[in-house]
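# mind looking at a prediction? Sequence and model below.
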Amino acid sequence: MMKKTFGASFLAVVLAAGPAMAQEAVQIGVSAPLTGPVAHGGEHEMRGIRLAVEEINAKGGVLGKPIALTVEDNQCNPSVSVTVANKLIEDGVVAIIGAQCSSAVLAAMPVVQKAGVPLVSGIATSPSITEKAGIGGNPWVFRLNPSDRELAVADVNYLASLGSVKRVAIVAESTDYGRGGAEAFAKAAEAKGIEVVSTDFHPLGAADFTTILTRLGRSGAQAIALYQAPADRANFVRQKEALGVKAALTGKLNFAGEAHEKLLADGAFDQAVTAFPYAPEVDTPANKAFVAKLVAKYGETSQYESFAGYEEVYVLAAAIERAGTPDRAAVRAALTKTSYASMLGGTITFDDHDQAHNKAVISRVDGSKVTVVDVFSTN
Amino acid sequence: MDPVFLGQLLLNGIVIGLIYGLIATGLTLQFGILHIVNFAHGEVLMVAMYAMAALLPLFGGDFFVAFAVLVVLASAVSLLAARGLLAALATGGDGGGIFEKSLLLTLGVSIVLVNGVQQLFTSNPQMATTSFGYGAFALGEIRLTYAHALASVVAVVTFGALFWFLLRTNAGRALRAVAQNREAALMIGLDPTRVARRAVAVSLVLSAVAGAVLVPIIVFQPTVGQTLLLKAFAVVVIGGMGNIGGAVAVALGLGVLESLVGGFADIVWQNAVAFVAMIAVLAMRPQGLFAAAIRKG
Amino acid sequence: MPPAMRSPKGLLLLLLAVLALAYPFASSSGYHLNVLTNALFFTVLAMSLNVIYGYAGLLSFAQVGFWGVGGYVGALTVTRLGGSVWDGMLAAGAVALLLAIAISAVSLRLSNHAFVIVSIAFTLLLQLLAQEWIDVTNGPMGIPGLPAPEIVLGPLYFAFDDRTSQYFLALAFAAATLAAIGLVLSSRVGRTLRMLKHDETLARSLGVRTTRWKVFAAGFAAVVAAMAGALYVFYLSIVDPTIFDVYYTQLMLVIVIVGGLGSFWPMIAAGFVLVVLPEVLRTSDEVRMIYYGVVLIAGVLFFPRGFAGLLAARRRRHSSGGRLGQPGSI
Amino acid sequence: MDSEAVIETAGLVVGYGGPPIVRGAAVTVRRGTMVTFVGPNGAGKSTLLRGLAGLSAAYAGSILYNGTQIAATSALERHAMGIVFVPQGRCNFGRMSVEENLEIAAHGIARAERRAARAYVFGLFPVLEERLQTMAGNLSGGEQQLLEMAMVLQTRPQCLLVDEPSLGLSPKMQADIFGKLGGLRDAGMTIIVVEQNVRAALAVSDDAAVLVNGEIVMQGPAPEVAGDPGIRRAYLGH
């Protein structure tokens, strides 16, 4: 008897969860890590996404309808990412943005391909996304950001142009992101005749770097290239400063977030050089306005993830508008013809592999001051 | 071999080992006295770090004042928490005894604390600044940051106080007595519940102290406790489940060994050290290790 | 346990089976199918924990380890050795069996507590291996692009490459596995295991070789978890170190506690409710995790016998007008 | 001899949470006497003793201690009332010195009276004074038994319950222990003993109770019990 009521209520529950498709809005799905080790990245991405949607809706939305977001947490976990992608698809979203972590994007790619839903990613950096997307592969996945390979080349080129750095050590987290970045940096350095004296991979969430720092301090490295999650990087930089290791920082750095801002203000990033997809200091009117809006709304300056979220929404919204219909295939086709003016300057267009090769920002730090040296296209 | 490099590695290892020791002795006390494993022990440390970060600005970044306030707060909260935990463990259940129940309950507490703190404070990395900033002592060419030095001093003083308490006070003797032989403790009229409550409270304060001294050293997130707990767990297993002196010695050894491995070999093997050692010990000397567990289970 | 196929229950079972089989044709929602497929996998996984914890009384944190081992062995059998998905599942079961015998035989000689500790260490070590043994596991990047399971019988070819067929595959797997577990547990084996849990001394005095039976339970549970893990990674099309995530352990434990240690049907119900409910409620994930944590604590404290215990209490009240002391059916 | 009952049970049912092990026990222990429980293995002697100490659960029946009902009190409460139980086997703190063992066992004694308590037990067991700094775990089996008795005797309990005091001891040591117990009894202490070495125990006991299968089948003055033909056959080897 109990089982019957259970069975019936179970069925009712499942049916009740049916797609809550609002006819009056254009549904866009977001898959982002909102819990887990990189949840802060997800939070910042959401800030950019929400800001863009508010702006677009304030101007009348797309296709004359407001955009409605369906946000799901993928925990940066591939299996959860698959569940989330399916869920969003069944919710009737026109397209999905985000996923953020490379392994989450890679896991979701077959799902969106099978269902025929465009996925716009602005943060994941794995080169295998490039290999798998677009021509001869999965035509539903579009990436806005430059891959780490492109950023590393830009970074190394600039380092080489300084002429003062001949020996570099690499410190990276042991994840797809860290290993991909380290490999790209090493390759680029080799091409420019810069010697890589050591490469260290540490587990994500490592708390203590004194040992690596002790070794690096004696290795003769003039610069240390970092490919780490923000919390680990903050730890590393703080301990480096305290241990008095004299080497400039490079690799993929940014200075956003409370911890990094404190470190920057304390001079811990002095002489750092980095190529990054974004810097809040980039001096374009669009970026200045964007930073001001975020600061007004959240009391914090823009981070890369916020910027990426913002542009993901705008690129997608423009494509939907061009397609003239919320039809997924039409939106995909429109996405391939994207020509969007990035707030960093330049225009976003997708290549054969649906990669946009967005701008890279080269910044350097003198004392506590970040200067944008160059903003250039990575293709 | 370069003596400066070696010296620096040893020094780093000792500092880290001392911090492992603070966490591991707490776990050891709980296992030794109550035969429980506390999965939420790392979350105690994490909550203490957030509390410390909140306290520091109130006292102008003065570490010592904030630390004193934290220890007082932690002691009060720990007594309550210990009472709650013991009451919870004493409720009737079918789960196969207090050991299993402790694992399940504290796992639940750990989930709630990690996600609750994340909900309240987001998972943004937190960094607290203290009055001594990035300063460091220079011992010749070897450097020891003020923060590390302070952590070491606090740890050594804490261990000293702990051993004094265990060896020289009646309450401490009662703790050891219950750990060594529960039945004999009952024979002489010691109240094991009261003793256990005291032991749990002391161990929670130890973890809070570890969190407090880590605040000036590391940047942290709600998950910070979990990584550290795994190391401490390995220390407890290697050190012989319930042996405080053993735990401190193993923690120091692990810190130094990790430092040497990181200094001379690949850094990813640093984490493996604890687990390989744990497996080796489990394979080679398990009966010694589980002496305490066997008596009970 | 199967409370015999007395006719009303047999009928209900039939009804459930028809519902399960007809569901994909009634609903076009692939998302619902995905949630149901997940529920099938996690129910099997939880049931494997139930075999060792609920029946044999050994709390094991190694089930998630075997689940992950199964995933990796399955994936590697296909990608490195060129085997089929089915070969991968068999290999997964075999490797898990050997590992389970090894760790349980060593630790159980000492005590049940030693087994718990070793099971924790085992899972941690496996996770470390998955992350750092990059030559084999591809490290944190995982092994993506796993193929869909397929059946080739001469000219016949069928690939489980869409959600409906994958749902049916998972349903078949879950039904077969749960039936096998149900049969084993309702036989003398199940009774022996339960006796072991309730009164080991008694069991020993009756000539039961207790350690051997515990090792058997550990091996059986490991094989089930590993085969489920192997099939699951082909369903996801990727395996990476997060398969060892503590999240799965939490989910398993919550299902087992809520269902009731050593129960069968109530646990299957709990598996479905606990996987489906959070999806229906659409809570934020921190809140969902908090909710799991609270359910775990409350379950251990207030409902240590779970659904099954509540059901048994209710049956007693209804059938015997308040007569107490009748042994429950769990 | 004062015949006032220190402990008097009626219809006492005892077990460890499972099925009852001792059923319907009625035992009377007079002040200043020594009583031995004898019976085959598994008869419930130790369970009954632990039931008196509050270490196994009383399911039914009453336990009067000096006329007060104590069946529902905890072991700790009974300890405070002067009912002290010495379990069988090694029951001391093996990784502490003899001195520490004694010190910790004196936790309930006012500081001013500890010296006197110590002197009292050293008077009973002089060997302990010589071994003050030895780890308890390194003492011989007999010495450990003495230590355990010394630990509890510091508080001058009214009623001493001892489970298998002679277990694993040499005959000489056994005689010594029973001699000490007899001495304590002569000094006015009430003592209940469970003992395998029935002959030695009965020799110094005033009364005895025989348990078989959880029930008391015979109770009376020790010489009478020792003289019973059945008992002689079963326990005294002739």
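Thanks, I have it.

# where do the helices of chain D begin and end?
In chain D, the segments counted as helices under DSSP state H are D:45-53, D:75-81, D:98-105, D:111-124, D:126-130, D:141-153, D:171-186, D:198-204, D:222-227, D:229-235.

# need those in a markdown table with mean neighbour count and distance to residue A:368, can you?
Placement of C-beta: from N, CA and C, glycine included. A markdown table is the format used below for those (neighbours: other CB atoms under 10 Å in any protein chain shown; distance: least, CB to CB, whole Å):
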| stretch | mean neighbour count | distance to residue A:368 |
| --- | --- | --- |
| helix D:45-53 | 24 | 73 |
| helix D:75-81 | 18 | 65 |
| helix D:98-105 | 22 | 60 |
| helix D:111-124 | 14 | 63 |
| helix D:126-130 | 15 | 72 |
| helix D:141-153 | 23 | 68 |
| helix D:171-186 | 17 | 81 |
| helix D:198-204 | 20 | 87 |
| helix D:222-227 | 17 | 93 |
| helix D:229-235 | 14 | 92 |
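
# of those, give the one that comes closest to residue C:268.
helix D:45-53 (42.3 Å; CB to CB).

# which helices and strands does the closest one pack with?
strand D:5-15, strand D:22-25, strand D:34-38, strand D:57-65, strand D:83-86, strand D:159-163, strand D:190-194 (3 or more CB pairs under 8 Å, 6 or more residues apart in numbering or on different chains; DSSP states H and E).

# give me the nearest residue to the closest residue to chain C within chain D, chain neighbours excluded.
Proximity of chain D to chain C (CB to the nearest CB) peaks at residue D:18, 7.9 Å away. Take residue D:18 and drop its neighbours on the chain: the residue closest to it by CB to CB, 6 or more residues apart in numbering or on different chains is residue C:199, 7.9 Å away.

# count of residues packed around that neighbour?
13 (other CB atoms under 10 Å in any protein chain shown).

# for it, phi and psi?
phi -150, psi 90 (degrees, to the nearest 10).

# surely residue C:39 is within a strand?
No - assigned with DSSP: H, G, I helix; E, B strand; the rest coil, residue C:39 falls outside any strand and is helix.

# quick one, what contacts the closest residue to it other than its chain neighbours?
Spatial nearest neighbour of residue C:39, excluding adjacent residues (CB to CB, 6+ apart): residue C:275 at 3.9 Å. If you count contacts by CB atoms under 8 Å, 6 or more residues apart in numbering or on different chains, residue C:275 has them with C:35, C:38, C:39, C:42, C:43, C:251.

# report the distance from the helix or strand where residue C:275 lies to the chain centre.
Using DSSP states H and E, residue C:275 sits in helix C:265-281. In terms of CA atoms, centre = their mean, to the nearest Å, the centre of helix C:265-281 is set 13 Å apart from its chain centre.

# restricting to C-alpha, output whichever helix or strand comes after that helix in CSV.
Under the assignment DSSP H and E, the closest C-terminal helix or strand after helix C:265-281 is helix C:285-302. The C-alpha coordinates for helix C:285-302 follow below in CSV (Å, rounded to 0.1, in the frame of the first residue of the first chain):
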residue,chain,number,x,y,z
ASP,C,285,23.5,23.5,-4.5
GLU,C,286,24.9,24.7,-1.2
VAL,C,287,21.5,24.5,0.2
ARG,C,288,21.1,21.0,-1.3
MET,C,289,24.3,19.9,0.4
ILE,C,290,23.3,21.4,3.7
TYR,C,291,20.0,19.6,3.3
TYR,C,292,21.9,16.3,2.7
GLY,C,293,24.0,17.0,5.7
VAL,C,294,21.0,17.7,7.9
VAL,C,295,19.2,14.7,6.6
LEU,C,296,22.3,12.6,7.4
ILE,C,297,22.5,13.9,11.0
ALA,C,298,18.8,13.7,11.6
GLY,C,299,18.6,10.2,10.2
VAL,C,300,21.4,9.0,12.4
LEU,C,301,20.0,10.6,15.5
PHE,C,302,16.3,10.2,15.2
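
# show me what helix C:285-302 is packed up against.
The contact analysis (3+ CB pairs under 8 Å, 6+ apart) places helix C:285-302 against helix B:97-121, helix C:246-259, helix C:265-281.

# and that helix with helix C:246-259, angle?
Interaxial angle, helix C:285-302 versus helix C:246-259 (axes from the mean of the first three to the mean of the last three CA atoms, to 10 degrees): 40 degrees.

# now helix C:285-302: buried residues?
Under the neighbour-count criterion of 16 or more other CB atoms under 10 Å in any protein chain shown, helix C:285-302 has C:285-286, C:288-293, C:295-297, C:299-301 buried.

# likewise stretch C:201-216?
C:203, C:208, C:210, C:213, C:214, C:215, C:216.

# quick one: distance of stretch B:125-145 to the chain centre.
22 Å.

# is chain A within reach of that stretch?
Yes - contact of stretch B:125-145 with chain A (CB under 8 Å from any CB of the partner chain) involves B:125, B:126, B:127, B:129, B:133, B:134, B:135, B:136, B:143, B:145.

# same deal with stretch B:244-263?
Yes - counting by CB under 8 Å from any CB, chain A has neighbours in stretch B:244-263: B:258, B:259, B:262, B:263.

# which of these fall in strands?
Under the assignment DSSP state E, those contribute nothing to strands.

# of the residues you listed, which is the nearest to residue D:178?
Once CB to CB is applied, the member of these that ends up nearest residue D:178 is residue B:258, at 58.4 Å.

# spatially nearest residue to the closest one (excluding sequence neighbours)?
Distances taken as CB to CB, 6+ apart place residue B:270 nearest to residue B:258, at 4.7 Å, with adjacent residues excluded.

# so which elements touch whichever strand or helix holds that neighbour?
Element membership for residue B:270, per DSSP H and E: helix B:269-284. If contacts are counted by 3+ CB pairs under 8 Å, 6+ apart, helix B:269-284 sits against helix B:224-239, helix B:244-264, helix C:85-108, helix C:112-132.

# chain center to it, what's the gap?
For helix B:269-284, the distance to the chain centre is 19 Å (CA atoms, centre = their mean).

# on that earlier part again, pLDDT at the residue nearest to residue C:39, what is it?
The model reports residue C:275 with a pLDDT of 84.

# quick one: residues contacting residue A:104.
With CB under 8 Å, 6+ apart, residue A:104 has these contacts: A:31, A:33, A:74, A:76, A:77, A:78, A:80, A:81, A:124.
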